[in-house]
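Student: Sequence plus predicted model, see below.
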Amino acid sequence: MPDLVDETIYSIILAAGNSKRLGQHKALLNIGNDTLINFIVKRLKKHNLTTIIVTREELMSDIRNFTQEVDIVSNHSPELGRTGSLQVGLNFIIANYSKNFKALVVPIDRPGFSSSTLSKLLALDNTSCPEKDGKGGHPLLISELDIKRILDEKPKIPLREIIRPEKFEVNDDFLHLNVDTEGDIPILMEFISSYYKENSFQ
């Protein structure tokens, strides 16, 4: 059975980067019989989360070809960074779903969290993130209060200067996986293989 979570939590996948170092768009990265973006979307759906993907205009149609039943929103100024992309997603939720909610932020290049970590995160009330070996990771749960703080800031301001997540220790071997270069792809594939071994859906 899927994990049931508070309906006021919406997930936002940030996928508007230019992926220069990788040499190909991270969202469309082939991972066997799937793409990285759809792999993450399926994981979030398993937890009954409504998902919004924020990406670049030129990627919207391609991403739509690989995902279903998600909203895809364009960030027209992706060069302003991830805070700007997050603001686009938050404003979309406010305009189309709810004005009072918590947000789960999932960067496309940080998929190495476990299902148990995600379940623990979704059960929390305050802005929080997992950590391993003293270093914070993703996803990031943002409280209603901090959502307002983020929306009041300029898009270029880094999130770390706006909010201070509470951290909880996890044992996820791949929590700090960052899909940034071609050298990270074998590690990504190792994580995905281990993930499918521990979970029932394909």
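Tutor: Arrived safely.
Student: can you give me the strands for this protein?
Tutor: According to DSSP state E, the chain carries its strands in the segments 9-15, 50-55, 71-74, 102-107, 128-132, 135-136, 140-142, 166-169.
Student: Parallel or antiparallel, which strands does the shortest one pair with?
Tutor: Applying DSSP bridges, strand 135-136 is found paired with strand 128-132 (antiparallel).
Student: which residues touch the strand it pairs with?
Tutor: Contact with strand 128-132 is made by 113, 117, 120-121, 136-141, 165-172, 175-176, as judged by Cβ atoms under 8 Å, 6 or more residues apart in numbering. In this view, the C-beta of every residue, glycine as well, is placed from N, C-alpha and C.
Student: And for stretch 158-171?
Tutor: For stretch 158-171, using Cβ under 8 Å, 6+ apart, the contacting residues are 81-83, 86, 113-114, 116-117, 120, 124, 126-132, 136-137, 140-142, 146, 149-150, 153.
Student: so what's the residue nearest to the spatial centre of the chain up against?
Tutor: In the chain, the residue lying closest to the centroid (Cα atoms, centre = their mean) is V106, at 1.1 Å. Counting by Cβ under 8 Å, 6+ apart, V106 touches 11-14, 40, 44, 138-139.
Student: Distance of F66 relative to D172?
Tutor: 25 Å (Cβ to Cβ, to the nearest Å).
Student: picking up where we left off before, okay, the strands of the chain in a markdown table with distance to D180 and mean pLDDT next?
Tutor: Shown next, in a markdown table, are the strands of the chain (distance: least, Cβ to Cβ, whole Å; pLDDT from 0 to 100):
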| stretch | distance to D180 | mean pLDDT |
| --- | --- | --- |
| strand 9-15 | 14 | 97 |
| strand 50-55 | 17 | 96 |
| strand 71-74 | 23 | 96 |
| strand 102-107 | 11 | 98 |
| strand 128-132 | 18 | 98 |
| strand 135-136 | 16 | 95 |
| strand 140-142 | 18 | 98 |
| strand 166-169 | 22 | 97 |
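Student: Alright, I will stop here.
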